[in-house]
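Student: missing the sequence, but the structure's below:
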């Protein structure tokens, strides 16, 4: 994209990086040290061992780190790919797939609130339905319903990432998107 002054304008967008297993925190740290805007959503989980239990912080999406950059800036693009632990950008037909800003904001809101909602309000939803979250911390996220589990746990695939996450959420917080 070229501006009126003839200088190239930056087109920074969010992208997902696929990273080596259990390297998410290290990759995030290295990218941040290099001045690259990186985001690693985390969640607290209670882990049990035979002799103890402990709260630990783990990535919300295993093997993924988000970066905010202009992929057409080859030097930055290459710097990210050469970061220890980075495997590749999430791509579709050979092109890195941008993640919509509203999805990143929804993930940040979910991460901050940790809101797990569980009330009995039924809506006719079936596996394979396209849904949009219309309320709560993930408001605005669009995906495909892939599983309806026990205790109203719903699993959706988030667009552009092709990664699913379990979320306890009121069914009334989901709006079925009609197929055209």
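Tutor: Yep, it's here. Predicted, not measured: the structure shown is a model, and the values here were computed from it.
Student: from here on, contacts and neighbour counts on C-alpha atoms
Tutor: Noted.
Student: right, and the helix or strand after the lengthiest helix in the chain?
Tutor: The residue-count maximum for a helix in the chain (DSSP state H) belongs to helix 101-113. Later in the chain than helix 101-113, the nearest helix or strand by DSSP states H and E is strand 130-133.
Student: which strands and helices lie in contact with that next one?
Tutor: Packed against strand 130-133 by the contact rule (3 or more C-alpha pairs under 8 Å, 6 or more residues apart in numbering; DSSP states H and E) you find strand 142-148, strand 174-177.
Student: let me know the average pLDDT across the longest helix of the chain.
Tutor: Averaging pLDDT along helix 101-113 gives 82.
Student: pull the distance from it to the chain's centre.
Tutor: Computed by C-alpha atoms, centre = their mean, to the nearest Å, the chain-centroid distance of helix 101-113 equals 8 Å.
Student: switch the helices and strands packed on strand 130-133 over to JSON lines; also include distance to residue 19.
Tutor: Formatted as JSON lines, the helices and strands packed on strand 130-133 follow (distance: least, C-alpha to C-alpha, whole Å):
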{"stretch": "strand 142-148", "distance to residue 19": "23"}
{"stretch": "strand 174-177", "distance to residue 19": "31"}
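Student: out of these, which is closest to residue 128?
Tutor: Ranking these by proximity to residue 128 (C-alpha to C-alpha) places strand 142-148 first, at 5.3 Å.
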